[in-house]
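Visitor: when you get a sec, could you give me coordinates for this:
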Amino acid sequence: YWALHNEEIYHIENCPIREEPLHALPRAQRKELEEKHGVVLSEWADLCPVCRHRLKTEFNSDYSKFKVCKDHISIRAGRYFASVDPTDPISFDKAKLIGSVTLGEKEGDPTAFELDGAYHRANRGILEFVEVFRNETEFLYSLLEATQSKTVESPAGRTEKIFIDTAIIAHANEPNWKKFEKNDDNEALVDRLVRVEVKNNIRLNEQIEIVKKLTRPTCHLAPQTLETIAMFTILNRIQPSEKTKGLINKVLIYNGDEVETDAPSAAELRIEKPRDGWIGITNRDAAKILEKAIGVRRPDEEPCVAPPDLFKIISEFCINSKKPIPAELLETAMEWYAGMIVSQFTSIGKDCQDVCSSFYVAYLAAITKLLQEETLTPEAENLVSIVESRLPSENGEKNALRQLIIGQSFFETSLVIRNGIYDFVARDVIIPKLDQLIVQGKRENLDKDDQYWIKYFQEYFKSLGYCERCIKVVAEWLITSELIG
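Guide: Prediction:
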């Protein structure tokens, strides 16, 4: 609560474990505190050895002489928070948890206690155990006492206990938990644990933020790069459903996006496949794929990563993965990515109205000849074929429509014909120019038309977030994959 709301925490000044000031109250007065003010202290609540020693020696048992100060929780500074990593038997040191005694000092002297263990730093806050079940059993014994009576062993190692009030969060992967749970020797600790199942994320938007946070990329990323690695990651974590049309639709439903009208809800899909999120690659795997793609580039290249770069790394990852990853998942991610960006390339013609208008004039000349039963050149036949691909196939009906079209300007004609012109410009003008000028990089002895297209491509794709390298990589991938052109 303090951490979330950034509220101040009061504690005894100079206390090594930032003691709750009310713990200084004599037990005889705590009943009155509860009755008058409704403040209930734990029956085990007590001052730490250092503060108890000061109360007797410095303040002559007058608790009112303790000074109180204010503080805030800080994970970075280790105030009211501590994290404990797994340790092996050789490097295990109990002092990491319960502190130590200064060498050369009297063992039972509280002034010699170094109360800097994880339990002490996390007092009145949160203590995190990372991969808790990878530790030795002896390491976990202190958890039993801390959860049962809210006390931990004194660094002196005698019968004296130190009261701590902390929320303990321990996490582990599923196999380690099952192994620990099946061991009868761990029954007492299992009884005191509240198991919270946390699956891998299966929401696309959240996965994008997770990958971004884990990698913190320092180079330029082409549009849809983070989305692509996030999509591949989630495709690995879900199972095919009989209620959706493909895995992509299932991902979109989990993400809260609208798909087909009769689509099932995310809750229905989770009930159908309860293992969704429990399988597949980890967030670390996804981050490693992106990091490797960032690291694989020639010295003379711009620091940039595009989805086609990712596909090469993902393919290697699938081959070398310990757990089999179906090749279809990569193909699905590639199809999804292509579906997102093909329109960025094929819709360029819509912005080139002068170019489109000139080809519309050529189309009108061609259909005029057809109505007069004249023969067309191969180029004119190709133009008519693409423009009229959405018209009825029957010649009589098609000629009737042509009669209407002849009297119309480009901006007056139907949307079907305009889209046909856009398709032609994309296929027979834009894509060849992209291949020639961007992919192949042929920029010698350019005419005025080519210079216009280079400038146009640079401005258009820059506005979409592409750099010179990634537009070349993406265009080459689309053309060689025959997804455009």
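
Visitor: quick one: contacts for Tyr337?
Guide: By C-beta atoms under 8 Å, 6 or more residues apart in numbering, the residues touching Tyr337 are Gln224, Glu227, Thr228, Met231, Pro307. All C-beta spots, glycine's among them, are computed from the backbone N, C-alpha and C.

Visitor: also Ser83?
Guide: Contact criterion C-beta under 8 Å, 6+ apart gives Ala118, Leu127, Glu128, Val130 as the residues in contact with Ser83.

Visitor: could I get the contacts of Tyr337 as JSON lines with distance to Asp262, neighbour count and secondary structure?
Guide: What follows is the contacts of Tyr337, written out as JSON lines (distance: C-beta to C-beta, whole Å; neighbours: other C-beta atoms under 10 Å; DSSP: H, G, I helix; E, B strand; the rest coil):
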{"residue": "Gln224", "distance to Asp262": "28", "neighbour count": "20", "secondary structure": "coil"}
{"residue": "Glu227", "distance to Asp262": "26", "neighbour count": "19", "secondary structure": "helix"}
{"residue": "Thr228", "distance to Asp262": "28", "neighbour count": "26", "secondary structure": "helix"}
{"residue": "Met231", "distance to Asp262": "24", "neighbour count": "27", "secondary structure": "helix"}
{"residue": "Pro307", "distance to Asp262": "31", "neighbour count": "29", "secondary structure": "helix"}
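
Visitor: take those and write them to CSV, including distance to Arg418 and pLDDT.
Guide: Written out in CSV, the entries for those read as follows (distance: C-beta to C-beta, whole Å; pLDDT from 0 to 100):
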residue, distance to Arg418, pLDDT
Gln224, 28, 93
Glu227, 30, 95
Thr228, 32, 95
Met231, 33, 96
Pro307, 31, 94
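
Visitor: and for the nearest residue to Asn173 once chain neighbours are set aside, the neighbour number?
Guide: The spatially closest residue to Asn173, leaving aside those adjacent along the chain, is Glu131, at 7.5 Å (C-beta to C-beta, 6 or more residues apart in numbering). Neighbouring residues of Glu131 were enumerated by other C-beta atoms under 10 Å; the total is 14.

Visitor: does Glu131 really touch Asn176, like I thought?
Guide: Yes: in this structure Glu131 lies within contact range of Asn176 using C-beta atoms under 8 Å: 7.2 Å.

Visitor: got any ranges where the protein has weak pLDDT?
Guide: Using pLDDT under 70 as the threshold, the predicted model of the chain has low-confidence ranges 1-5, 103-108, 158-159, 297-300, 349, 484-485.

Visitor: give the contact list for the residue nearest to the spatial centre of it.
Guide: Note on the chain: the residue nearest the mean C-alpha position is Ile210, at 2.0 Å, using C-alpha atoms, centre = their mean. Contact partners of Ile210, counting by C-beta under 8 Å, 6+ apart, are Asn201, Ala230, Asn283, Ala286.

Visitor: can I assume it sits in a helix?
Guide: Yes: checked against DSSP: H, G, I helix; E, B strand; the rest coil, Ile210 lies within a helix.
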